[in-house]
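[1] Provided below for reference: sequence and predicted model.
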Amino acid sequence: MTTFSANLGFLWADLPLPDAIRAAKAAGFDAVECHWPYDTPAEHVAAALAETGLTMLGLNTLRGKAGENGLAALPDREPEARAEIDRAVDYARRIGCGSVHVMAGFAEGDQAHQTFLGNLDYACRAARPHGITILIEPLNRYDAPGYFLRTSDQAASIIAAIPHDNLALMFDCYHLQIMEGDLSRRLAAHREIIGHVQIASVPDRGTPDHGELDYRHIMAVLRDLGWERPLGAEYKPQQPTDQTLGWLPVLRSV
Ligand SMILES: O=C(O)C(=O)[C@@H](O)CO
Ligand SMILES: [Mg+2]
């Protein structure tokens, strides 16, 4: 049976994070993940996770100044990028969270590529003692124009260049359908380096039961590939989240 993680960056985003965790539990999710939890003391999050029995699967590094979308590929910003990596790994460690998405930022060119490699090497070393995986995620050109990481092949070549086994691809079906399509073959081609899968409808980033992607098919592909971890529901609810969950029992029963 496919299981699902509620992305609390979008779902129940109006609630304090501990209450969002409780809401996800009450709605029947199997796990949670978030974007930027740092305004909430880690012990409050850890307590809500312990109370509900849910695991926080992932969180992001902070994006930087207003208008920025991560720092890790920005030349000459290594001290800040690495401080954010340290902050994220420490927070993840304190709440028992297994992965940290290191956000690349708006950049291009070889210097950005080299900077990203250096910062990812640093992140993998910082995360390893805590059993934490570092994730990198291609984002689509419409939501994040100018973002350094755009395709699954680019992510794969970066992962291949880093000599650590705790670096993986966040395969967000929403972004990669927009950028590349051909998702069944993309999932198979990159199966070995995928660390997490996220879902939402395309193109409107709504509930995963409509739009140009049929997630019943994607779920069958993932099952055939031996994928058994929760899929991250990272969609933007157009109504209060509790009123948008009709898709959950439907996809769960597939
Ligand atoms: O936008 C997404 O997709 C994410 O997963 C975020 O964590 C990064 O913006
Ligand atoms: Mg995503």
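    Looks like it came in fine. Ligands and ions are numbered 1, 2, ... in the order given.
[2] pretty sure residue 223 contacts residue 2?
    Yes - contact criterion Cβ atoms under 8 Å: residue 223 and residue 2 qualify, at 7.3 Å. Where you see a C-beta, it was placed from the backbone N, CA and C, and this is true even at glycine.
[3] Between those two, which has more neighbouring residues?
    Remark: of residue 223 and residue 2, residue 2 carries more neighbours, 20 against 13, as counted by other Cβ atoms under 10 Å.
[4] which residue packs closest to that one, ignoring adjacent ones?
    Excluding the flanking residues, the one nearest residue 2 by Cβ to Cβ, 6 or more residues apart in numbering is residue 219, at 5.1 Å.
[5] What strand or helix carries the one you found?
    helix 215-224 (DSSP states H and E).
[6] Quick one: residues in contact with that helix.
    Under the contact criterion Cβ atoms under 8 Å, 6 or more residues apart in numbering, helix 215-224 has outside partners 2, 173, 183-184, 187-188, 197, 199, 208-209, 231, 251, 254.
[7] Kindly report the same for stretch 232-242.
    4-7, 9-12, 23, 27, 29, 33, 57-58, 172, 174, 196-201, 205-208, 243-244, 248.
[8] which of those are close to ligand 1?
    172, 198 (Cβ under 6 Å from any ligand atom).
[9] Near ligand 2, list only the ones from the contacts of stretch 232-242.
    172, 198 (Cβ under 5 Å from the ion).
[10] if we can go back for a sec, which of the residues in the helix holding residue 219 are classified as buried?
    215, 218-219, 221-222 (16 or more other Cβ atoms under 10 Å).
[11] for stretch 239-254, same thing?
    So, applying 16+ other Cβ under 10 Å, buried residues of stretch 239-254: 241, 244-245, 247-248, 251.
[12] same deal with stretch 130-148?
    Buried positions in stretch 130-148, judged by neighbour count with 16+ other Cβ under 10 Å: 130, 132-140, 144, 147-148.
[13] any chance of those in CSV, plus distance to residue 122 and secondary structure?
    What follows is the buried residues of stretch 130-148, written out as CSV (distance: Cβ to Cβ, whole Å; DSSP: H, G, I helix; E, B strand; the rest coil):
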residue, distance to residue 122, secondary structure
130, 14, helix
132, 13, coil
133, 15, strand
134, 10, strand
135, 15, strand
136, 13, strand
137, 18, coil
138, 21, coil
139, 21, coil
140, 27, coil
144, 23, coil
147, 20, strand
148, 16, coil
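[14] If anything else comes up later, I'll come back, but that's it for now.
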